[in-house]
Each structure stands twice: as C-alpha cells, then as structure tokens.
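Q: pasting the sequence and the predicted model now:
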Amino acid sequence: QVQLVESGGGLVQTGGSLRLSCAGSGPTFETDTLAWFRQAPGKEREFVAGISWSGRSTTYADSVKGRFTISRENAKKMLYLQMNSLKNEDTGVYYCTTAGTDGSSWYTLMDYWGQGTQVTVSS
C-alpha cells in the first residue's frame, strides 16, 4: 500500500497563500487517484480536492473552488495543494490519501490517516 506524508502547513493571515505537499512511496502511486481532506476542530473530516492518476481530471469542494488547486508530479511521487485567498474557515488539519469516488462523493481507500499538516488562518 502506498504511504503518504503531508507537509507545508503553517500559520497564515486571511487572504494569504500556502502550498501543501504530500510525498508518496510505493509502487502504485502513479496509478492512484489521490485527494486532500481536512478536519477542522470539532468537525468531521471533509473532502477538499481530488485528482485522477494522470492529473487531467480534478474535483473540488464548492467551498474551495477558484481558490485551491490540486496537482501532482508522478515522476517525483508528489501531490500538491496550492491554497490561495485563505479564509478563517480553511483552518484545520489537512490530509492526503488515495481515494475513490462514485461521481458524487469521495472517500479514502487507506486503512488509516497520516499525521496530516496543520493549517491555521488568522485574521
């Protein structure tokens, strides 16, 4: 099973930007559909963005459309999330995962979540 490690989080002011990275390992990274999820304090984990194995197809939660961009570099086994125009409500722990989708919802395919990376947006 692929292993994924998130990084790049931090403290940023409202309106600022951050780029999250997710380093992968394992033989299937290049063919896996991948996604970013996040969990805010006191809330359930939610889907943020997903990307097909080729990178040609991307999907975003309505709350981040137009502000976030998901991308990947299969040769480097890396997944990214560029986050612009950050809002207070973007605060949370961000996780990357291999993912599945039924066309309307996304779900993790991994048995466990990694440590994630904390994003805190402060005004």
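A: Looks like it came in fine. As the structure is a computational prediction, the values presented were derived from the model and not from experiment. Numbering: from 1, shown residues only.

Q: any idea which strand is longest in this protein?
A: As assigned by DSSP state E, the longest strand anywhere in the chain is strand 92-101.

Q: show me the strands in this protein, by range?
A: In the chain, the strands defined using DSSP E lie at 3-7, 10-13, 18-25, 34-39, 46-51, 58-60, 68-73, 78-83, 92-101, 106-108, 117-122.

Q: quick one: residues contacting the residue nearest the centre of the chain.
A: Computing the C-alpha centroid of the chain and ranking residues by C-alpha atoms, centre = their mean puts Trp36 first, at 2.2 Å. Applying C-beta atoms under 8 Å, 6 or more residues apart in numbering, we find Trp36 in contact with 20, 22, 47-50, 70, 79, 81, 94-97. The C-beta positions use only the backbone N, C-alpha and C, and glycine is treated the same way.
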